[in-house]
Structure formats: structure tokens, C-alpha cells
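In: any chance you could fold what I've pasted below:
(chains A, B and C)
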Amino acid sequence: MYPPPPTLPRAALNACAAASALPAPKSSRGPMIRACLPPPAPAILALRALLLLALVLGASLAGNQARAGESPDLRAAIAALAKGSFAETEKRIAALTALGDARAVPALEALAGGDLYRRKADGAVFIVSGASGGYRLTDPLTLQDAGTAGRREVKKIRVNNRLRRAIRAALGALTLSASDPARRLAAAEAILKARDKEAVETLDRALARETVAEVAAALQAARAAAVLASDRSAEEKSAAINVLAARGDREAMAIVASIAATEDQALAGQATAALARMERSQALWDVARNIWYGLSLGSVLLLAAIGLAITFGVMGVINMAHGEMVMLGAYTAFMVQGLFGALVPGQIDYALVVALPAAFLVTGLVGIAIERGVIRFLHARPLETLLATWGVSLILQQGVRTLFGPTNREVGTPSFMSGAFELGQLTITYNRLWILVFSLALFAALIAAMKKTRFGLTIRAVTQNRRMAASMGIRTPLVDALTFGLGSGIAGIAGVALSQIDNVSPNLGQSYIIDSFMVVVFGGVGNLWGTLLGAMSLGIANKFLEPFAGAVLAKILVLVFLILFIQKRPRGLFALKGRAVEA
Amino acid sequence: MPPHVPPAMPDEPGQPDPHRHDTLLYLDGVSVAFDGFQALNNLSMVVGRTEMRAVIGPNGAGKTTMMDVITGKTRPDSGTLRFGETIDLTRHDEADIASFGIGRKFQKPTVFESHTVEDNLALALKGRRGPFAALFHVASDDERQRIDDLLSLIRLAHLRAAPAGGLSHGQKQWLEIGMLLAQDPQLLLIDEPAAGMTDAETAATAELLRDIARTHSVVVVEHDMAFVRALDVKVTVLHEGSVLAEGSLDHVSANRKVIDVYLGR
Amino acid sequence: MTRRFFTHGMTRGGWVFLALLAAAGLLIPLLNLALPESHPLHMPTYAVTLSGKYLTYALLALALDLVWGYCGILSLGHAAFFALGGYAMGMYLMRQIGPRGVYGDPLLPDFMVFLDWQELPWYWLGFDLFPVALAMALVVPGVLAFVFGWFAFRARVGGVYLSIITQAMTYALLLAFFRNDMGFGGNNGLTDFKEILGFDLQSDATRAGLFAASALALGLAFVLCVAITSSRLGKVLIAVRDAESRTRFLGYRVEHYKLFVWTVSAMLAGLAGALYVPQVGIINPGEFAPANSIEAVIWVAIGGRGTLVGPILGAGLVNFAKSWFTAALPELWLFALGALFIAVTLFLPRGLVGSLPRLWAKATGTRSKAPPDARAKAPAAAE
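Out: This next block holds a predicted model:
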């Protein structure tokens, strides 16, 4: 193929949706600017297949554990799948399902995948996998090895698409009786998606014994979908439309939309009205989703910028090595985790908690060293400070590259940060939620430190009137060093948090530096609250632009907006106005 | 705020009147606030043609802000600001206002330190100010003559080729005044010209300013009372952004309010 | 103007530089083409191309110095103008490939065929003509700089704020040029060039010619910069750099001056990019990377901002060091570059050309001609 498929380089990769709708692999997530394309259809299909597989495997395990003894009916029902026409097979699948035994799941799964074979010699049925010179046979019930067979000794049980659909529904129905509510829920969702008209009775039975409200609701929806696909009475269908309308998600909308297009006038009218209601609520959910993603992205920006709000915002040092402080913090998390793995295995969840103060110390000390070694000599020469700190950033990057290698390092995710939960139609992943909470907590702590502590008072005194502060006995060089250390340390802490959502590599900091400066300048230099508001509003703006413009263009638009904004209000959103600033 | 302070000098216009032909600078009710701090509060003042005016007042009285407003560096929140008969200064920026004929000397002497003394004056000389005019500019004999005159006036002829950054503080003050004169303005705003000068230099500066005032209007902001007395002109006392008193130095010195807030007992 | 230029515009150092440049522009192609490869003085073609590349970098540094050294505007986005000029030239070179591309389409470049585009986008029209492409290499960066500067300078965005938004500008362009929809080849950029003005780009003679053209362009740009900086306009620029509000109160419209020099500088950078692309054979969005712009700043800083020879020298030295390091000690290059940034800002704020005469004077015990109290004030206290 020419040219090779367009691959985005790092910088552009970063230009992308921070919060991905799917719990995508870690490497595909990142800060503000990440070229997250909308999840393509194949990905959704693959996901569904995975879901089904997980559900099936889960059921089969449950089946294994539950097995008390051989059920001759079950074995016979499975063996029966091998005989007759497609139509007869379909009936036999229904009969097998009617037994309600989850142990039939592996056989059905194999059937759907074309791995179920009949042994010509005795008519016995096996799950088959390829082996050299023939096939390896597995008993479909016990899942024990049953020897091998030559290519001519067994015959594949053929299925068509219609059968595959039936099998999928059957698998769903079988797992409806699983003991784990989560598995039952997944099964109900699978049936809803399959819209299997034969599933009504199965679902009724499942509903009758269902005790968990959430699962019951999913079953109701699945039943409604099944009813609408069947040829049941108009009243039942009308009720079903109401059930789906109440559910209101995209899947339900798709089903109701298909009814709206049917010929039955009354039903179609009802469906159209329901659809309109659902679309309105969906639009609201879309807004909520954008806000959530925006806040999530905003929290990443806040983390990236919060240290800079001290070093650049409060002190006025153009610190181009700020991104490297974040990067060092992330590497500290990596190191601490490694130590934890060696010293106290099994307690990896606490590694991140210990990494926070460690990162603060490490980057804080590096920051103090930079201030003492370079920045203090360049006082009141901001453009030269910019160049010198850029030099520092190059050295730090290359230093980390030399020590740890150029490749990405893995920082494990603690258990409390993995997983997700549903809030209405929002899927909220725990790591994103934690990062949002953490960024706000860090911000609150910083505000408290600046406003309530003596050190904060001293910092403000020195930055507002250095000479006066000095004449009052404040050791301004010490305060400078400590303030820079504080800003750097905060950046390091942010790095620990960002290690959870971004690649830990020597280039980590580079991808944040421009965004960080933009956030601080946009919010208003010297104003911490401005940084908070700037980060959040830029995050949300980015996410609202993305559906129209795409991720990269949205990022570009935000940058152009910022460039224009800075020209309109060079001092940012919350400018300190007055003579002191002009001087 | 109290209304306009009654005039004390016989030749002073009674009420601000922008249409009087001898009025050059007219401020009426000018207010400026920075973040709640009222730098100028309903300030009114009139400066006539070829009048020299001394402005005094404690720190924070609004002296520098007044100059910022007149020269277009700061926009007033409210009030009227007129130059000559027709020009509304609030509508123009620094470059425009400079080209109308208002020159300004900063409190801290500000010259182009890496240029020579001569180049400093050459850049200030009245002339076309556009970039293309500057690109193709060739010095004329007139200009050279004018620079020579100015150099001898400000007593820097012997340093014409020296970088201005190397001048003493007093020399920089004089160079800046020379640059102002090179602009040939109608009105000169001069912020603390005597700061950092020896007594002899101060006296010479006062003499120079009186000389200049024969043909120009001059507003001098100064703390040095001896210098103000040497100027021997009408004095305006600013306090908290508005006029506290106006009149001869003796007149304002006797004013109780002025004594309270500024001169001290 | 001409008379003034020859009387005191051009310094002795300037004449020496022009003479050296002219000698190099003639001699290096000659050593490459006229001498057999076995000859000890033979200049290998790769070295000619490398030197040509340095010359375009030097031109970029000169452009940057014009705004930073003389007017105090620190641009962290000059690579954007350089890359835009490069893209304009790259588009011409792409059109010259004609039907010799992989897909053999007579009109559409390969990447467009690959993207299944049916016709040439309107902004590619005319780029088959060399004069149009060369003009665009100047006009596009110039217009971008003019528009950007029009807003920025009128709003009086200055100092570090301007530096930050120039960086945002080049970053936004970087992202934009990565997009395939832009029609500039996306991630891969423009490459696989065949010929320029009918000459085979791979041949020694063409490469020597490109080197000579780069030398000529650098020489002309140098003369232009001398003319600008020695004129009254140049004095106003320095005045703006040293005391911006003083300049305003003298009646100069500072934003017009900044806009003028900013636009001229962007066009020079565009020219440098246009000469760079045929010599390296590729232009891709990586050229917009903010790091490139910042690296160019260090060339100027080390050579000596506010002098015209300095940035050229700085660009040559740093890039020569880079070539040497990346071949011999690749691990150490970023350490060296980082240390260079720090060392120059701390110990050599005036750069080599700005500091050497002073150091020389100190070493030999002679006093410099400037009065003793004209202290070591960095000429570009650019704040």
C-alpha cells in the first residue's frame, strides 16, 4: 500500500479526546489533544463479541462448578444438534435452551464458531481444534480431552446466519439463569441487542424469578424488544414501546425507530412520538456527556497547569522545564511501584499513595536545584529564563532517556481506579473520576496553602513587593527557591496522577507544556482560580467542538481562539488590572 | 468632591472654557480607577498657551496618572480631555497625541541607551513617523543644524557620539528634555526633572524650563519645593486624584488643607 | 540610502563576511564539480548539500535576529514561516513529478490518488510554475505574519506572551498539517521529488547549484538586513527594543514598525524554507514542531543577537556540532544542546560576536572605544 496508512506522530496523538467513551487500552488515552477518532464500527463489533465471549466463558465456568453429574437429556440434546436440516437444528437449539442448563453453553458457542463436529463412527459430538495431521477432540460437556481424530473421521456441523442468531439468543437465554447478577445483566443486554422474537417466554420466566431491580429493568427492555419483533397484539407492542421509551438509550431508540417505519399506523404514530421524546432526552444526555468528558479533560489540563500556575503565574518565571517536572513525577511513580513490588508484594494499590509525597520531594528538590543553579541568575530577564529552562528540559529529557530508556514505562492501575459505573446513560470510569477528584483536591490544597499558611503569605509578599518584603526581614532568595520548589513539587504530584492515563515516557512533559501555558495565560497570570476556570472551560469547549470538528480540528480551533483571546485580553480572564501590572 | 477651586491669580480664566483661544489643554471631570483605587477623581484643570504650570502633591495624588491620561497611555473612565480647540484626546493613542504636539518626559529618565546622544535626538526630531519614511530617510542639513543647536542647548555637544547608556543621571535628564524639544511640541509634560540633580544642575534646569516656557506650554510635576519656587509659576496641588488648591506657590502654601495633606506644619 | 549604506551601513565585518560567502559560494561547487573524486581537495556531494542546508538555517537565524535582536520580539514560531516556505517549494516539486509518481497520475500527487481525490484542490493550482511557487514561499509566510502581527502588535501583546502565542501558532499549524484533509500529504508530507526547473535533483551539478543559490540568497538577505538596520527604521527598531513606550511618546507608531520587520522576517524565513526543501528532499509537518523554533533561537543567542554576522555564525556552529554529535555521540547531543542553552544565557548573554571584542579587549589590556561607563548592558535587554 502506498502511502502507508496515516499514522499520527506523538504530538498529534496527544491531540485527542482525553476521556474515551470506551475503556480503551491505556496507550490510546491522553491529554487534551488526542486524536481519538470516534470508535469505528468494527471496534464496537469486536467489543460485543468480547462481551459475549466473556459471558459465555463465565457461564461455562459456572456450569463446571455446578455440575453434579451427567445429564443424559443434555447430552442427547447436544448430540441432536448434529442431525437434520437447518430448520430442524433451529428447533433443537430451542429445545436445548428450554432445558435451561448453562452447561450447554460451550457446545453452542462451538456450534456458532463452526468448531462443533460429529464423529461419523458413533454420532458423538465434540468440540474440535486443529492439530497436526488431524483434529483434537474435546467433550462438549465435561470439556475433557477426548483424543484425536483424522480429517475424514469427523464432520463439521454446519450453521448459517439464521442459526447463528438463534444461537446467540439461546446463549443469552441460558446465561439469564446465571447466579451472578452482572452476568444476567449482560445476558439481558445481549438479548436486547439481538431483538430475538422467540425470547419472550424465556424472558418472562427470567423476569418471574429476577430479584435485582437493575437486571429486571434490562430484562423488561429486552422483552419489549422481543415483543416488538414478534407478531403479538398491538396492545402488547404499544406497552413495549413505552418500556423502551422509558429506557431511552441509543439501542432502544434504534428499536423504536424501526417500529416508527412500519405500516401499522397507530403503532408507528406512537413510536414516532416516543422517538421524538427520546431524541430530546438523548440530546440532553449528549450535553451531559460532553460536560463530563470536558471536565475530565479539564482536570487533566488543571493537573498539567497547576504547578505552572505557581512558577509562572505567581513567580513570573517562564519555566519551560515544567513539563519535565510532570514527567519526573510520573517516573517517580514508576520507581515507587517497582520498589513496592519488590518489598511488599501484593500491596501495589498503596504504591500510588506513597508515590505522591515521593514525587513531591523528588521534583521539588529538582526544582530548587534549578532555581538555585540557573533561574536566580536570570532575574528579571524572562526571555532568557525561557531559553535556559528550555535547556534544562532538554537535559532532563535526555537524562531520563539514558537512565530508563526511550520506551514507555508501565505504571499499574490500583484496583480502586479500575472499572466504571453507569450514571443514567453516562459511563463513568473510575480512573477519570479519581483524577477529577484528585485534581480538585490538589487545587484546594494549593489554595489553602497560599491563602492560609504563613509560607503562602510570605510568597505573596515577596512576589508583590520584593524590596519591601526583604526590608521586613524576609529572606527573599530562600522564598524564591522554596516557591519554585513548591510549584515543581506540585507538578510532580500531578505527574503521578497523569501516569494513570498517559504513557510514561521521556517525552511526557513535552506534550503538556503548550497546553499548560495556554491554561495559565487564559485564566489570568497570577490568579489560581483563573487557572481552575481556564482549565475546565477549555476542556469543556474542546469536547463540545469535537462532535462537529473532530478531535484535531477542535484542538486547533481552541488554540486559534486562545491566540485571539490573548490579543483581546493579554492578561487573561481574570486580569489583575492596575498600575502595578503595567510597570 | 468640592467644585473647581477659586482662582487666585488675576490672569487666570474663571471657569474652564474650551473655546477661549488661549486655552491649550483642558481637563474637566476626569476620573480613572484601577481595581477600585480611584487614581483620578473628577479632576479639572486648564493650561493656557505658553503657560508654565507646576503640579505638586503627595505620593499617590494622581500626578503620574494625570500625565498618563493626557498622553493616551491610560484611558479615562469618564470626563472631557481636550487639546487645542478641537482635539479630543480620549480618542487617540500615544503616537497620535505625540504628533499633535504633546511631549512627555518620564519620572525615571528614559533614553535609548544603546543609541548615541546624537541618534537619540535625531529620532526625536519632528518629521514623518511612518516605517517606510524611516527606511528611506536621509538626514538633511536642516536636521543636522537643529541637532547641533539642541546639543549645545542641553550641554552635551562633547558627548554627541557617546552611547546614551553611559551618561550620568543628570545628563540623561537633560538629554530627555532635549529630545522633547526636538519634537517641537506645543505642550511639554515634565515629570520630576530635578530628581537626582546637583544644586547647580537644578538651577540650570529651572532656567532652561523658564526659557522653554516662553514659546511652549509646560506642565512640570515636581516634589522639590525650592525648584518649584525657582520656576515661579502658578501651582496646582493634587490630592487623592483631584485638585486641592491652585494659585501662586505662596497662595497654596498658606492653604490649610494643603498644609495638612502635603506640606506639613 | 545607497550612499549611506556604503558609507556607514556596512561594517568591515560585514564586508569580510560577504567576501567569505561569495568565495564559498563559488569555491565549494567548484571543488565538488571540477575536481575528480580522488583529488584530496574534492568536496563530496553530501558535504555540499550539508553546507547548503546550513546556509538555509543561517538565513532562518538571520530572519529571527532581525525581530529578536533588533526589535526585541522573541518569536518561538519562526519554524512555522520556514516550513510554510518549504511547503510552497515542496508543492512545486510535487507538481514536477508529473506522471512519474507511483500511481502515474499526470496531475494528482500520489498521496491524493491514495486518498481517492478526484481533482487537484484549488490551492494547488499554479504551483507547477516555479515563479508562482517561489512567490508563494514569500507571500504565504508574509501574509500569515502580517495577519498575526496585525492583531498581536495592535493589542500590544509583547514579551513572553507574544512568545507563547507564537509557539501556539506553530503548534496549531503542526496539528493542521498532520491532517490528511488539508491536502499537504498529512504525516508523510511531500517527498520523492524528481527535479527542479528541469534539473535532476539527485545530480551533483543541481546540488552544487542549490548550494550556490542558498549562498546568494543569504548574501542578498544579509545586505537587505544591513540596509534595514542601518536606516533610521533600524534605529527606531532598536529604540522600540530598549524603551518601547518612550518611542511611542515620541510619536512613532510602534505596532507599524513591529509589523513591518515581523513580516519581512517571516518572508526571509519562508525563503530559507524554500531553499531548504529541495536540498533535503522532504518537507513534513515535523518542521512545524515548536522545538525547531526554539532551537533556532539558540543559534541566534550563541552567535550574538543584535549583530547580523552573529546569528549566521551561530547557526553554522550549532548545526555543525549537531551533525558531529549525532554521528559520533548521539546520546550526548541533547545534553550538549541543553547545556549550551544554559551556558549562553548565563555566561554569554551577548553571544560570541557580541562578547568576543570585549573579551579580546580585556585579554590584551586595551580599552574599548566606548566610554568606560557604557557598561556591559546587553544590547538586547529584550524585556
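
In: rest of the way, CA atoms for contacts and neighbours
Out: Noted.

In: give me the neighbour count for residue 221.
Out: Just so you know, I chose chain A. 26 (other CA atoms under 10 Å in any protein chain shown).

In: um, chain C though
Out: By other CA under 10 Å, 19 other residues sit near residue C:221.

In: could you do the one 5 residues further on as well?
Out: Residue C:226 is flanked by 21 other residues according to other CA under 10 Å.

In: now the closest residue to chain C within the stretch 1-150 of chain B: how far from chain A?
Out: For the stretch 1-150 of chain B, the residue closest to chain C is residue B:95, as judged by CA to the nearest CA, at 3.9 Å. Separation of residue B:95 from chain A (CA to the nearest CA, to the nearest Å): 18 Å.

In: in three-state terms, label the closest residue to that residue other than its chain neighbours for me.
Out: Sequence neighbours aside, residue C:251 is the residue nearest to residue B:95 in space, at 3.9 Å (criterion: CA to CA, 6 or more residues apart in numbering or on different chains). Using DSSP: H, G, I helix; E, B strand; the rest coil, the structure places residue C:251 in coil.

In: can I assume residue B:43 sits in a strand?
Out: Yes: applying three-state DSSP, one finds residue B:43 inside a strand.

In: for it, list each beta-bridge partner.
Out: Note on residue B:43: beta-bridge partners by DSSP bridges are residue B:30.

In: contact partners for it?
Out: Residues near residue B:43 by CA atoms under 8 Å, 6 or more residues apart in numbering or on different chains: B:27-31, B:241-243.

In: by neighbour count, which of the residues you listed wins?
Out: Of the contacts of residue B:43, with other CA under 10 Å as the count, residue B:242 tops at 28 neighbours.

In: next one, pLDDT for that residue please.
Out: What the model reports for residue B:242 is a pLDDT of 88.

In: also residue A:444?
Out: For residue A:444, the model assigns a pLDDT of 95.

In: buried ones in the helix or strand where it lies?
Out: Assessed by DSSP states H and E, residue A:444 sits inside helix A:430-452. Using 16 or more other CA atoms under 10 Å in any protein chain shown as the test for burial, helix A:430-452 gives A:430-436, A:438-440, A:442-443, A:446, A:450.

In: spatially central residue for chain B, please.
Out: residue B:189 (1.0 Å; CA atoms, centre = their mean).

In: ok, it - contacts?
Out: So residue B:189 contacts B:67, B:102-105, B:218-221 (CA under 8 Å, 6+ apart).

In: show me which of these is closest to chain A.
Out: Nearest member of these to chain A, counting by CA to the nearest CA, is residue B:67, at 13.2 Å.

In: buried residues in the helix or strand encompassing residue C:315?
Out: For residue C:315, the host element (DSSP H and E) is helix C:309-328. By neighbour count on 16+ other CA under 10 Å, the buried set for helix C:309-328 is C:309-319, C:322, C:325.

In: need the contact list for the residue of the stretch 1-150 of chain B closest to chain C.
Out: Residues in contact with residue B:95 (CA under 8 Å, 6+ apart) are C:248-253.

In: output those as JSON lines; include the columns pLDDT.
Out: JSON lines is the format used below for the contacts of residue B:95 (pLDDT from 0 to 100):
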{"residue": "C:248", "pLDDT": "92"}
{"residue": "C:249", "pLDDT": "92"}
{"residue": "C:250", "pLDDT": "93"}
{"residue": "C:251", "pLDDT": "92"}
{"residue": "C:252", "pLDDT": "94"}
{"residue": "C:253", "pLDDT": "94"}
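
In: of the residues you listed, keep whichever come out buried.
Out: If we count by 16+ other CA under 10 Å, the contacts of residue B:95 have these buried: C:248-253.

In: can you put those in CSV and add distance to residue A:329?
Out: Listed next are the buried ones among the contacts of residue B:95 as CSV, based on distance: CA to CA, whole Å:
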residue, distance to residue A:329
C:248, 46
C:249, 49
C:250, 51
C:251, 51
C:252, 49
C:253, 47
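
In: just these now: which is nearest residue A:228?
Out: residue C:253 (75.1 Å; CA to CA).

In: pretty sure that closest one contacts residue B:132?
Out: No: distance between residue C:253 and residue B:132: 11.9 Å, which falls outside the contact criterion (CA atoms under 8 Å).

In: quick check: residues of the stretch 1-150 of chain B near chain C?
Out: Contacts of the stretch 1-150 of chain B with chain C, taken as CA under 8 Å from any CA of the partner chain, map to B:71, B:94-99, B:103-104, B:110-115, B:119, B:123-124, B:129-132, B:134-138.

In: what does the model give residue B:20 for pLDDT?
Out: Listed pLDDT for residue B:20 reads 47.

In: whoops, residue A:60 was the one
Out: 46.

In: dump the residue contacts of residue B:213.
Out: B:50-52.

In: how about JSON lines for the buried residues of helix C:309-328, with pLDDT added?
Out: JSON lines is the format used below for the buried residues of helix C:309-328 (pLDDT from 0 to 100):
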{"residue": "C:309", "pLDDT": "93"}
{"residue": "C:310", "pLDDT": "93"}
{"residue": "C:311", "pLDDT": "95"}
{"residue": "C:312", "pLDDT": "96"}
{"residue": "C:313", "pLDDT": "94"}
{"residue": "C:314", "pLDDT": "95"}
{"residue": "C:315", "pLDDT": "96"}
{"residue": "C:316", "pLDDT": "95"}
{"residue": "C:317", "pLDDT": "94"}
{"residue": "C:318", "pLDDT": "94"}
{"residue": "C:319", "pLDDT": "95"}
{"residue": "C:322", "pLDDT": "93"}
{"residue": "C:325", "pLDDT": "91"}
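
In: nearest to residue A:572 among those?
Out: residue C:311 (34.0 Å).

In: where do the strands of the stretch 101-250 of chain B begin and end?
Out: For the stretch 101-250 of chain B, the strands defined by DSSP state E, counting those that start in this stretch cover B:102-105, B:187-191, B:217-221, B:234-239, B:242-247.

In: deepest-packed of these, please.
Out: Across the strands of the stretch 101-250 of chain B, averaging neighbours per residue (mean count of other CA atoms under 10 Å in any protein chain shown) puts strand B:102-105 on top, at a mean of 26.

In: tell me the mean pLDDT over that one?
Out: For strand B:102-105, mean pLDDT is 91.

In: check the offset of the longest strand seen in chain A from the chain's centre.
Out: Looking across chain A with DSSP state E, the single longest strand is strand A:125-131. Its chain's C-alpha centre and that of strand A:125-131 lie 37 Å apart, by CA atoms, centre = their mean, to the nearest Å.

In: can you give me the buried ones in it?
Out: A:125-128.

In: just stretch B:191-206 next, same as before
Out: In stretch B:191-206, counting by 16+ other CA under 10 Å, buried: B:191-195, B:197, B:202-203, B:205-206.
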